[in-house]
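> sequence unknown, structure follows:
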């Protein structure tokens with residue numbers, strides 16, 4: 001479409017001349033200078049036109065003395081705070097009547113030009129007025145942008161406060177039974193059914209706590225662009241099966257009827273299998289959370305044109321129309337009361353969207369409204385090649401375990417001692433040190449086959465310990481295991497460069513440690 005040759009209304013010059021002929025002559029002069037000009041016959045009409053957008057006014061002393069000038073002054077007084085319309089007054093001399101003087105005292109942005117006026121002076125005054133007016137419009141736009149930013153910051157601050165309150169609530173949920181369980185363990189006979197139930201309860205709550213922290217770390221990694229996808233060809237049927245396995249506790253707890261419909265043939269994408277399973281699991285967990293007990297959840301997989309499409313459909317509480325555009329925003333929650341009752345930080349769906357985008361895909365939500373259920377649709381670029389078979393995992397059989405020397409290094413004495421106790425109970429010859437210097441001294445006497453080392457040690461950190469151990473030819477075969485609360489790809493690269501063989505993120509799962517040590521034990 002060709003641009004409109006007519007200039008914007010908000011930079012037009014309105015001329016109220018004593019006669020129509022005078023107005024036409026003035027506009028013809030300004031038109032030659034590229035100024036959009038309009039002649040206004042009455043002051044009452046001029047007052048109406050001011051509210052429709054204006055660049056400047058050209059008036060004469062005759063207009064200022066006319067009765068209709070009051071309506072013009074009222075229109076100028078009603079301008080928004082950023083606006084101060086320039087007024088160019090053409091007067092025969094500097095001596096004005098009392099009526100004109102009263103009007104001049106009210107006007108805040110007026111330029112008086114002696115009449116008769118030269119064409120050059122007239123055009124120059126109008127162009128200067130329009131330049132000033134454009135600066136006012138720029139100021140308006142800046143104020144509107146600042147107001148928008150302010151509202152966005154206020155909204156973000158409100159949601160941040162709500163998130164922190166929810167985070168405190170959700171962290172206390174597992175911590176409360178953990179604290180109670182510790183007290184009960186000192187009161188219950190070891191090995192009793194009650195003690196076993198308490199231990200299982202503490203294990204469940206610990207896993208919940210780790211899940212909350214992992215979600216927060218994922219948010220941070222994505223926000224700082226530190227997520228590295230381990231892409232491979234994967235069959236989404238297998239990903240869905242893995243996601244269902246991870247979400248089974250939520251489905252079982254809700255007593256939901258889960259129906260899965262997938263094709264008989266492969267539906268393959270190029271992606272990170274763990275992250276894709278996380279995406280679909282989050283969608284299933286969301287459906288389970290917002291579907292009343294005994295509800296139905298359907299999971300479908302199909303190939304649509306060039307996309308692999310996964311849909312998670314529930315018959316639960318639905319999504320209000322005003323929330324459909326916001327459910328994937330950070331900390332967004334459809335029903336805060338329900339959310340707090342069932343747990344959650346309001347970041348699960350945000351992770352879904354961001355991880356989908358990292359895979360070149362999209363995710364969308366649809367709902368007919370409250371109590372009408374919801375449908376979440378994940379679209380990923382499909383590939384035609386079949387998924388490669390996953391390599392068989394090596395199974396380590398501990399037929400005749402041997403004694404393995406393990407040195408645990410951590411300045412957190414509770415963490416070091418508890419890990420050492422666990423390893424001793426599992427049959428490992430274990431020593432503990434709480435500093436880098438002590439670790440190096442003990443390594444000389446103990447000659448450990450494995451060093452499990454914290455990274456964030458004071459004075460000498462774990463990276464430096466690993467470098468010094470590797471500098472000793474006698475430690476070339478020592479297995480170094482980094483244990484740290486930092487788990488980004490950059491953190492893993494740093495530990496590898498320092499000489500570590502393995503990188504474990506706190507809290508360390510027992511099976512992860514046993515899998516590493518078990519290879520040395522047989």
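Good, I have the coordinates. Here the structure is a predicted model, which is why all the values come from computation and not from measurement.

> other SSEs contacting the lengthiest helix in the chain?
Among the segments of the chain that qualify as a helix by DSSP state H, the longest is helix 119-185. With contacts defined as 3 or more C-beta pairs under 8 Å, 6 or more residues apart in numbering; DSSP states H and E, the secondary structure elements packing on helix 119-185 are strand 13-15, helix 20-32, strand 56-60, strand 87-91, strand 110-114, helix 193-223, helix 336-342. For glycine as for every other residue, the C-beta is placed from the backbone atoms N, C-alpha and C.

> same thing but 6 Å
When contacts are defined as 3 or more C-beta pairs under 6 Å, 6 or more residues apart in numbering; DSSP states H and E, helix 119-185 sits against helix 193-223.

> so which bits of the helix or strand just after the helix it packs on are buried?
Tracing the chain past helix 193-223, the next element assigned as helix or strand by DSSP states H and E is strand 232-235. Of the residues in strand 232-235, those buried by neighbour count under the rule 16 or more other C-beta atoms under 10 Å are 234-235.

> contacting residues around the next helix or strand after strand 232-235?
On the C-terminal side of strand 232-235, the closest following helix or strand by DSSP H and E is helix 236-254. If you take C-beta atoms under 6 Å, 6 or more residues apart in numbering as the criterion, helix 236-254 is touched by 258, 262, 267, 276-277, 280-281, 284-285, 288, 293, 301, 308.

> stretch 450-458 now?
Judged by C-beta under 6 Å, 6+ apart, the contacts made with stretch 450-458 from elsewhere in the structure are 406-411, 436, 462, 465, 479-484.

> of these, closest to residue 14?
Distance ranking of those against residue 14, using C-beta to C-beta, places residue 484 first at 71.0 Å.

> how much space between residue 452 and residue 410?
Separation of residue 452 from residue 410 (C-beta to C-beta, to the nearest Å): 8 Å.

> meant to ask about residue 479
Remark: distance between residue 479 and residue 410 (C-beta to C-beta) = 17 Å.

> which residues in the stretch 351-500 of the chain form helices?
Remark: helices assigned in the stretch 351-500 of the chain by DSSP state H, counting those that start in this stretch are 413-425, 436-446, 462-471, 489-498.

> mind putting these into a markdown table with mean pLDDT and mean neighbour count?
As requested, the helices of the stretch 351-500 of the chain are exported to a markdown table (pLDDT from 0 to 100; neighbours: other C-beta atoms under 10 Å):
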| stretch | mean pLDDT | mean neighbour count |
| --- | --- | --- |
| helix 413-425 | 87 | 15 |
| helix 436-446 | 95 | 16 |
| helix 462-471 | 94 | 19 |
| helix 489-498 | 88 | 16 |
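
> of all these, which one is nearest residue 39?
helix 489-498 (69.2 Å).

> from the contact counts, what lies against the closest one?
Packed against helix 489-498, as judged by 3+ C-beta pairs under 6 Å, 6+ apart, are the following elements: helix 462-471.

> what is the mean pLDDT for the longest helix of the chain?
The average of the pLDDT scores along helix 119-185 is 85.

> if you rank every helix and strand of the chain by mean pLDDT, what lands last?
When the helices and strands of the chain are compared on mean pLDDT, DSSP states H and E, helix 336-342 comes out lowest with a mean of 42.

> low-confidence ranges, this structure, go.
Judged against pLDDT under 70, the low-scoring parts of the chain cover residues 1-7, 94, 163, 165-166, 169-170, 173, 223-226, 330-346, 385-402, 521-522.

> show me how it divides into domains.
Recorded structural domains for the chain (assignment: automatic domain parsing) are 9-141, 156-223, 234-383, 405-521.

> format those as a markdown table; extra columns: distance to residue 149.
Supplementary listing: the domains of the chain in a markdown table, determined by distance: least, C-beta to C-beta, whole Å:
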| stretch | distance to residue 149 |
| --- | --- |
| domain 9-141 | 13 |
| domain 156-223 | 10 |
| domain 234-383 | 17 |
| domain 405-521 | 30 |
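
> of the contacts of helix 236-254, buried ones?
Applying 16+ other C-beta under 10 Å to the contacts of helix 236-254, the neighbour count classes 258, 262, 267, 276-277, 280-281, 284-285, 288, 301, 308 as buried.

> residue 72: neighbour count?
28 (other C-beta atoms under 10 Å).

> and for residue 188?
Under the neighbour criterion other C-beta under 10 Å, residue 188 is assigned a count of 17.

> who touches stretch 470-485?
Outside stretch 470-485, the residues within contact range by C-beta under 6 Å, 6+ apart are 450-452, 454-455, 466, 469, 495, 499-504, 506, 508.

> now the buried members of those.
Using 16+ other C-beta under 10 Å as the threshold, 450-452, 454-455, 466, 469, 495, 499-500, 502-504, 506, 508 are the buried ones among the contacts of stretch 470-485.

> out of those, which two sit at the greatest distance?
For these, and using C-beta to C-beta, no pair is farther apart than 469 and 506, which are 21.0 Å apart.

> quick one: the host helix or strand of residue 62 to chain centroid distance?
Per DSSP H and E: residue 62 is located in helix 61-64. Using C-alpha atoms, centre = their mean, to the nearest Å, the mean C-alpha position of helix 61-64 is found 60 Å from that of the whole chain.

> and for stretch 102-114?
Computed by C-alpha atoms, centre = their mean, the chain-centroid distance of stretch 102-114 equals 53 Å.

> and the contacts of it?
Against stretch 102-114 from outside (C-beta under 6 Å, 6+ apart): 64, 69, 73, 84, 86-91, 125.

> now the residues you listed in a markdown table, with neighbour count?
As requested, these are exported to a markdown table (neighbours: other C-beta atoms under 10 Å):
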| residue | neighbour count |
| --- | --- |
| 64 | 26 |
| 69 | 21 |
| 73 | 16 |
| 84 | 15 |
| 86 | 24 |
| 87 | 21 |
| 88 | 22 |
| 89 | 21 |
| 90 | 24 |
| 91 | 19 |
| 125 | 19 |
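
> compare residue 479 and residue 410 (neighbour count), which wins?
Neighbour totals were compared for residue 479 and residue 410, and residue 410 leads with 26 against 18 (other C-beta under 10 Å).

> and residue 66, how far is that from residue 47?
Using C-beta to C-beta, one gets 12 Å for the distance from residue 66 to residue 47.

> which one of these two is surrounded by more residues?
With neighbours defined as other C-beta under 10 Å, residue 66 and residue 47 compare such that residue 47 has more, 20 against 17.
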